[in-house]
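Q: A predicted structure for the sequence below; I have some questions about it.
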Amino acid sequence: MVPRFSQSVLLVAFGIGVFIVCFNLLFEISLVRNEQTGVEEWTRTPRLLTVGPLSIIGIVLFRGGIHLLKVAVAARICWQAQENLRAARPATPAKIVTARPIAVRRP
């Protein structure tokens with residue numbers, strides 16, 4: 001089983017990869033032959049309808065990876081704190097001290 005931290009890094013990487021694909025599709029430059037002149041020209045052909053759903057997929061992947069990364073770091077911190085508390089726990093049980101009433105002066 002892959003740990004949460006590795007999964008979150010993979011999700012963030014996939015999200016960034018989808019954003020790069022969206023950028024390439026949006027600013028795609030292709031070689032097109034002009035039928036009137038017969039000359040090949042470089043033209044920009046943006047694919048707006050393809051980029052829309054892909055960008056939403058990229059956002060979901062990226063945000064999911066960031067959230068999973070936060071959960072993994074929080075779990076690691078809690079686990080380390082629990083281990084530190086176990087190591088620092090005294091061998092004898094602690095005495096229960098009750099509070100004594102405080103004397104109040106009245107003028």
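A: Received the coordinates, thanks.
Q: can we go C-alpha only for contacts and neighbour counts from here?
A: Noted.
Q: Just the strands from the chain, written as ranges.
A: Along the chain, the stretches classed as strands by DSSP state E are 29-33, 40-44.
Q: residue ranges with poor pLDDT in this structure?
A: 1-2, 90-91, 93-94, 101, 107 (pLDDT under 70).
Q: Name the residue closest to the centre of it, please.
A: Geometric centre of the chain, nearest residue: Ile66, 0.9 Å, by CA atoms, centre = their mean.
Q: Longest helix of the protein, counting residues only.
A: Identified as the longest helix of the chain according to DSSP state H is helix 48-88.
Q: Can you spell out which helices and strands pack onto that helix?
A: Here helix 48-88 touches helix 4-26, going by 3 or more CA pairs under 8 Å, 6 or more residues apart in numbering; DSSP states H and E.
Q: roughly how far out does stretch 99-107 sit from the chain middle?
A: 55 Å (CA atoms, centre = their mean, to the nearest Å).
Q: my bad, should have said stretch 17-28
A: Distance, centroid of stretch 17-28 to centroid of chain: 20 Å (CA atoms, centre = their mean).
Q: Now do the buried residues in that stretch.
A: Of all the residues in stretch 17-28, those buried under the rule 16 or more other CA atoms under 10 Å are Val18, Phe19, Cys22, Leu25, Leu26.
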